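S.K.: dropping a prediction and its sequence here:
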Amino acid sequence: MPSIKISIDKSISDHQPGFVECSFTDAWGKQHIVQEKIPVVADKYLDANSHYPQEGGIDCEVLKKWEDQEGRIIVTVDTVKPWDIDRIEGVQQFDLLELQIED
């Protein structure tokens, strides 16, 4: 499944399973903040004592790929599937540079 490359910036809760605050910047330079369960965004154990930032990923669905006027490949993704992840403000679709997506 495709995944958005993110920065896991800090622990926000150690209550099981633990929650972290994550960020990424879209193709237009806007930073997005997501708060999510550790097992959803990381494949290793993290807690308040872990060193931050850490690399992580948010699974997503690719809706389309297209080329902008600057010749960059833009990927529009939706984070509803499989984990129903959204930004703090409720946004679930993002335009990202192709290099920000891992398979």
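M.R.: Great, that's in hand.

S.K.: so what's the residue count around the nearest residue to Ile88 once chain neighbours are set aside?
M.R.: Counting by Cβ to Cβ, 6 or more residues apart in numbering, Ile88 lies nearest to Ile33, which is 5.3 Å off, once chain neighbours are set aside. In short, each C-beta sits where N, CA and C put it, glycine included. Counted with other Cβ atoms under 10 Å, the neighbours of Ile33 add up to 12.

S.K.: the biggest strand by length in the chain: which residues count as buried?
M.R.: Longest strand in the chain, counting residues (DSSP state E): strand 3-13. Using 16 or more other Cβ atoms under 10 Å as the test for burial, strand 3-13 gives Ser3, Ile4, Ile6, Ser7, Ile8, Asp9, Lys10, Ser11.

S.K.: ok, now which ones touch the fifth one?
M.R.: Taking Cβ atoms under 8 Å, 6 or more residues apart in numbering as the criterion, Ile8 is in contact with Val20, Glu21, Cys22, Val41, Ala42, Leu46, Tyr52, Pro53, Gln54, Glu55, Gly56.

S.K.: which among the residues you listed gets closest to Leu99?
M.R.: Leu99 has its nearest neighbour among the contacts of Ile8 in Glu55, at 14.1 Å by Cβ to Cβ.

S.K.: bridged to that closest one, which residues?
M.R.: Beta bridges link Glu55 to Ser7 when assigned by DSSP bridges.

S.K.: isn't it right up against Ser7?
M.R.: Yes. With contact defined as Cβ atoms under 8 Å, Glu55 counts as touching Ser7 (7.1 Å).

S.K.: contacts for the helix or strand encompassing Val75 next, please.
M.R.: Under the criterion of DSSP states H and E, Val75 resides in strand 73-78. The set of residues external to strand 73-78 that reach it, using Cβ under 8 Å, 6+ apart, is 2, 4, 27, 60-68, 92-98, 100-101.

S.K.: kind regards, and thank you for your time.
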